[in-house]
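**Student:** Need coordinates for the following:
(chains A and B)
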There are 2 protein chains.
Amino acid sequence: MNVLITCAGRRTSLLSEFVKAARRREGIVAAADTDALAPAVMLADTAVRMPPLRDSSYISVLEGAIRDMHADLVVPTIDTELLLLATYKERLERNGCTVLVSASNLVEILRDKFVMASVFSRHGIRVPACWVPGSINASDLPDALFVKPRDGSASKHVYRLRRSQLDAVLPMVPSPMVQEEIQGPEITVDGLLDMAGRCVHYVPRRRVKTLAGESVQSVTIDDSDIREWLLAVFGILGSMGGIGPMTVQAFLTDDGPVLSEINPRFGGGVPLAFAAGGHYPEWILQMLGGEHVESRIGEYTKGLWMTRHHIEVFTERPLWDQ
Amino acid sequence: MNVLITCAGRRTSLLSEFVKAARRREGIVAAADTDALAPAVMLADTAVRMPPLRDSSYISVLEGAIRDMHADLVVPTIDTELLLLATYKERLERNGCTVLVSASNLVEILRDKFVMASVFSRHGIRVPACWVPGSINASDLPDALFVKPRDGSASKHVYRLRRSQLDAVLPMVPSPMVQEEIQGPEITVDGLLDMAGRCVHYVPRRRVKTLAGESVQSVTIDDSDIREWLLAVFGILGSMGGIGPMTVQAFLTDDGPVLSEINPRFGGGVPLAFAAGGHYPEWILQMLGGEHVESRIGEYTKGLWMTRHHIEVFTERPLWDQ
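**Tutor:** Next up, the predicted model:
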């Protein structure tokens, strides 16, 4: 069974989990990226050179790669690619593969943090109060705020500020939204839905330290207090066309969890979920092979700490010109 | 020969170079940090728990660790610790070790980017034009500017902006300085001075990609056009009490290099210098052992690319409470 990971970048631990699962089935894993120095591209069984995402040839190049390697599974990894792959999912799957991406309407909802908040709020899930320019009445605003792009990622252009600073900061942020600051530890939940949208597993973790929006220290936490809430969130996602990996972020307040963000893809910190017993790449290939993958809610190691550091790869000959 | 690396954090490749050099001399390497999840602390031969840098007991705890492990060498790694270790260098060295830090007056000059620029400018080294609040005459300023903290690190609070945005941004930056934007690729040079301040070696590299101020992709470049300039910069550093590792940043403009920053410590991207043939940990231990370390200017692999990715360490039992 052959796997193609797109925008593979620095996702080397994700790559090696798929390599392990694919090898058991006599398959290979290819990593695709525009960047010849993307570590995953350098370490994969095969490298695929892609044009930039905005290039009109992106889908046809991807289609060619799928055919060349007889890919059974395509795994997108970054937010900016999800909608494109969701849109062309049917066309790509005509080549005999499964594209591990949720329905495009769900991807669109989750991509816009303001729309996401209003949709989940209508489903009875608590979200932080948020505003967009035009709907802001300064006297409604609390004093502690965040300003961030509605479709941002990796903490880019995220500012924590007081209400009095809002007028100065708002023009610096592309398509901004304003959000109340919520008190309480922020958690991330790496979850997996099956191809019918049913929740198979999740691992909640507290983010201990982040660098440039990427989690470099995390610890898995007990789920007993938030199980119902998580199953409700995953249930909504499944009912809206969600499949595959989901990364849910929330604040744990004294009044229960407040949902802050959902990304319908593998999160950067998912290696901790793998180490804690969430064998998502293996289970995904089992699903593709038609095996029954049972639900394993709550079965993971609690109190497992992850800490990350850099490792270097050197070359005098990049695979292609930069 | 035993080595103690302080504020060791995520400097695991630096750690392993020192481990290799120390093992050849039947020594061990200890890593010190406040954080039980610092990867270097988890991977070193011994871990040393430190109080926060601002704690008044810091130096006496460090002294205890030096004695306990019979350290021959203490290697600081982060900007905020350098001045403290430079100040107490003599007291710490009474315990029979060498503290790899430059003279405190040099550390102080380099810590303040505005003072550094004026000192090197007086030595005839070109630096970007820069201003501090009080000396700013808006009509003097070019349109493309940077605002950054005079003593900042890791790209924190660095803003690239137009002159018209200056009034809004200046209050957001602690002890700010304004700097003209220089056109041209930015290079970083990892260099080594011996204990007398003489330049032993350097490896210049172009930063291809940075994340959170940390270099994740770099390539070594030819030094023939900048050798004289680099030897002049290292010469000034040596004459002002510089010893050990130096990280020099500059812009390569059509009119030659423009010096932007110097940190008198190992830079985050120094593993590329090691891979290109700069065996600084080994040479430092040779110096300490009284061996002659000859100068090897220009002897390194040109066109060597480095790309970095994360690797995870997991534990159910951190070495101490967080």
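**Student:** Which residue comes closest to the residue in the stretch 151-300 of chain A that chain B sits nearest to once chain neighbours are left out?
**Tutor:** Closest to chain B within the stretch 151-300 of chain A is A:Ala212: 3.6 Å, counting by Cβ to the nearest Cβ. Where C-beta positions appear, they are placed from N, C-alpha and C, glycine not excepted. Nearest residue to A:Ala212, sequence neighbours excluded (Cβ to Cβ, 6 or more residues apart in numbering or on different chains): B:Ala212, at 3.6 Å.
**Student:** The one you found - how many residues pack around it?
**Tutor:** The burial count assigned to B:Ala212 is 17, neighbours taken as other Cβ atoms under 10 Å in any protein chain shown.
**Student:** And A:Val203, by the same measure?
**Tutor:** Neighbours of A:Val203 using other Cβ under 10 Å come to 29.
**Student:** Need the phi and psi values for it.
**Tutor:** phi -130, psi 110 (degrees, to the nearest 10).
**Student:** cool, A:His310 as well?
**Tutor:** According to degrees, to the nearest 10, A:His310 has phi -80, psi 150.
**Student:** Might you enumerate the residues of chain A proximal to chain B?
**Tutor:** A:10, A:12-13, A:37-40, A:42, A:165, A:168, A:172, A:208-209, A:211-212, A:214, A:216-217, A:271-272, A:275, A:301, A:303-316, A:318, A:322 (Cβ under 8 Å from any Cβ of the partner chain).
**Student:** what's near enough to touch A:Met287?
**Tutor:** A:Asp194, A:Met195, A:Val293 (Cβ atoms under 8 Å, 6 or more residues apart in numbering or on different chains).
**Student:** and it, what pLDDT?
**Tutor:** Each residue has a pLDDT score; the one for A:Met287 is 98.
**Student:** A:Ala232 too?
**Tutor:** At A:Ala232, the model reports a pLDDT of 98.
**Student:** For the one helix or strand it maps to, buried residues please.
**Tutor:** Per DSSP states H and E: A:Ala232 is located in helix A:227-239. Within helix A:227-239, the residues that qualify as buried are A:Trp229, A:Leu230, A:Leu231, A:Val233, A:Phe234, A:Gly235, A:Ile236, A:Leu237, A:Gly238, counting by 16 or more other Cβ atoms under 10 Å in any protein chain shown.
**Student:** Pretty sure the third one sits against A:Arg198.
**Tutor:** To tie it back to what came earlier, the one meant is A:Leu231. No. The criterion here is Cβ atoms under 8 Å, and A:Leu231 misses it with A:Arg198 at 10.4 Å.
**Student:** Low-confidence bits of chain A, can you list those?
**Tutor:** A:154-155 (pLDDT under 70).
**Student:** tell me, what residue is most central in it?
**Tutor:** A:Arg265 (3.3 Å; Cα atoms, centre = their mean).
**Student:** so which helix or strand takes in that residue?
**Tutor:** Per DSSP H and E: A:Arg265 is located in neither a helix nor a strand.
**Student:** picking up where we left off before, ok, and what's touching the helix holding A:Ala232?
**Tutor:** Contacts for helix A:227-239 (Cβ under 8 Å, 6+ apart): A:102, A:106, A:120, A:123-125, A:189, A:191, A:193, A:196-199, A:202, A:204, A:223, A:242, A:246, A:248, A:256-257, A:259, A:262, A:264, A:297-298.
**Student:** Return a ChimeraX selection command for the buried portion of the residues you listed.
**Tutor:** This is how ChimeraX selects the buried members of these, with burial counted by 16+ other Cβ under 10 Å:
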select /A:102,106,120,125,189,191,193,197,199,202,204,223,242,246,248,257,259,262,264
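**Student:** Go through the contacts of helix A:227-239 and flag which are in helices.
**Tutor:** Judged by DSSP state H, these include A:Leu106, A:Phe120 as members of helices.
**Student:** What are the buried residues along stretch A:261-279?
**Tutor:** A:261-276, A:278-279.
**Student:** meant to ask about stretch A:40-51, not that
**Tutor:** A:Ala40, A:Val41, A:Met42, A:Leu43, A:Ala44, A:Asp45, A:Ala47, A:Val48, A:Met50.
**Student:** How about the contacts made by the fourth one?
**Tutor:** Read that as A:Leu43. For A:Leu43, the contact set (Cβ under 8 Å, 6+ apart) comprises A:Thr12, A:Leu15, A:Ser16, A:Ala31, A:Val313.
**Student:** and the two most separated of those?
**Tutor:** A:Ser16 and A:Val313 (13.6 Å; Cβ to Cβ).
**Student:** Contacts only, for A:Thr6.
**Tutor:** A:Ala32, A:Asp33, A:Met50, A:Leu62, A:Val74, A:Val75, A:Pro76, A:Thr77, A:Glu81, A:Leu85.
**Student:** Name the SS class of the fourth one, please.
**Tutor:** Under DSSP: H, G, I helix; E, B strand; the rest coil, A:Leu62 falls in the helix class.
**Student:** swap in the first one?
**Tutor:** Following three-state DSSP, the label given to A:Ala32 is strand.
**Student:** wait, it sits on A:Leu4?
**Tutor:** Yes. Judged on Cβ under 8 Å, A:Ala32 makes contact with A:Leu4 at a distance of 6.3 Å.
**Student:** Need the overlap of contacts for those two.
**Tutor:** Contacts common to A:Ala32 and A:Leu4, judged by Cβ under 8 Å, 6+ apart, are A:Val48, A:Ala65.
**Student:** Would you quantify the distance from the residue located most distally from the centre of chain A to A:Val127?
**Tutor:** Relative to the centre of chain A, and counting by Cα atoms, centre = their mean, the farthest-placed residue is A:Ser139 at 35.2 Å. Applying Cβ to Cβ, to the nearest Å, the value for A:Ser139 to A:Val127 is 21 Å.
**Student:** repeat for A:Glu186
**Tutor:** 14 Å.
**Student:** my read is A:Glu108 is in a helix, agree?
**Tutor:** Yes. With three-state DSSP as the criterion, A:Glu108 is part of a helix.
**Student:** How about the stretch 1-150 of chain A: which residue is closest to chain B?
**Tutor:** Chain B sits closest to A:Pro39 of the stretch 1-150 of chain A, with a gap of 3.8 Å, by Cβ to the nearest Cβ.
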